[in-house]
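1. with the input below, show me the fold.
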Amino acid sequence: QVQLVESGGGLVQPGGSLRLSCAASGSIASISYMGWYRQAPEKQRELVGLISSGDIINYADSVKGRFTISRDNAKNTVYLQMDSLKPEDTAVYYCHARVYSTTMRSWQSYWGEGTQVTVSS
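-> Coordinates of the predicted model:
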């Protein structure tokens with residue numbers, strides 16, 4: 001199986017910064033893309049940013065210019081640097097990866113358990 005473990009969430013004041021990390025481990029042959037989604041209370045889960053194995057990046061319009069996604073392919077880890085945080089960024093942030101599983105012998109989608117980010121004064 002494949003596990004995604006997130007870290008780095010917490011409470012921060014408006015205008016502050018946080019860095020999220022997500023490490024993938026387990027039966028991994030290859031990872032095509034990794035990314036972050038978020039879900040605020042009573043709202044649908046939405047894309048924050050995605051990065052492919054070739055470093056092609058997409059961001060949600062709401063975070064462009066403030067958030068930076070990056071990955072370390074050798075460590076199967078994706079990062080999300082969040083700057084100039086706003087109260088509306090408050091949500092549970094979920095890591096996502098598209099993985100070729102050696103046990104399933106196919107491409108599978110995996111999710112982390114989520115990490116809470118709260119932006120409040």
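2. ramachandran angles for the closest residue in space to residue 87 that isn't next to it in sequence?
-> Take residue 87 and drop its neighbours on the chain: the residue closest to it by Cβ to Cβ, 6 or more residues apart in numbering is residue 119, 5.0 Å away. Every residue, glycine included, has its C-beta placed from N, CA and C. For residue 119, the backbone dihedrals are phi -110, psi 110 (criterion: degrees, to the nearest 10).
3. test my guess that residue 119 contacts residue 10.
-> No. Between residue 119 and residue 10 there is no contact under Cβ atoms under 8 Å: 10.0 Å.
4. mind checking which of these two has more residues around it?
-> Set side by side, residue 119 and residue 10 show more neighbours around residue 119, with 19 against 12, by other Cβ atoms under 10 Å.
5. quick check, pLDDT for that one.
-> Per-residue confidence (pLDDT) for residue 119: 98.
6. then residue 53?
-> Looking at residue 53, its pLDDT stands at 88.
7. who's the closest residue to residue 59 other than its chain neighbours bridged to?
-> Counting by Cβ to Cβ, 6+ apart, residue 49 is the residue found nearest to residue 59 once chain neighbours are left out, at 4.7 Å. Beta bridges link residue 49 to residue 36, residue 59, judged by DSSP bridges.
8. tell me the spacing between the residue nearest the centre of the chain and residue 88.
-> Centroid-nearest residue in the chain, with Cα atoms, centre = their mean: residue 36, separated by 2.6 Å. With distances taken as Cβ to Cβ, to the nearest Å, residue 36 is found 16 Å from residue 88.
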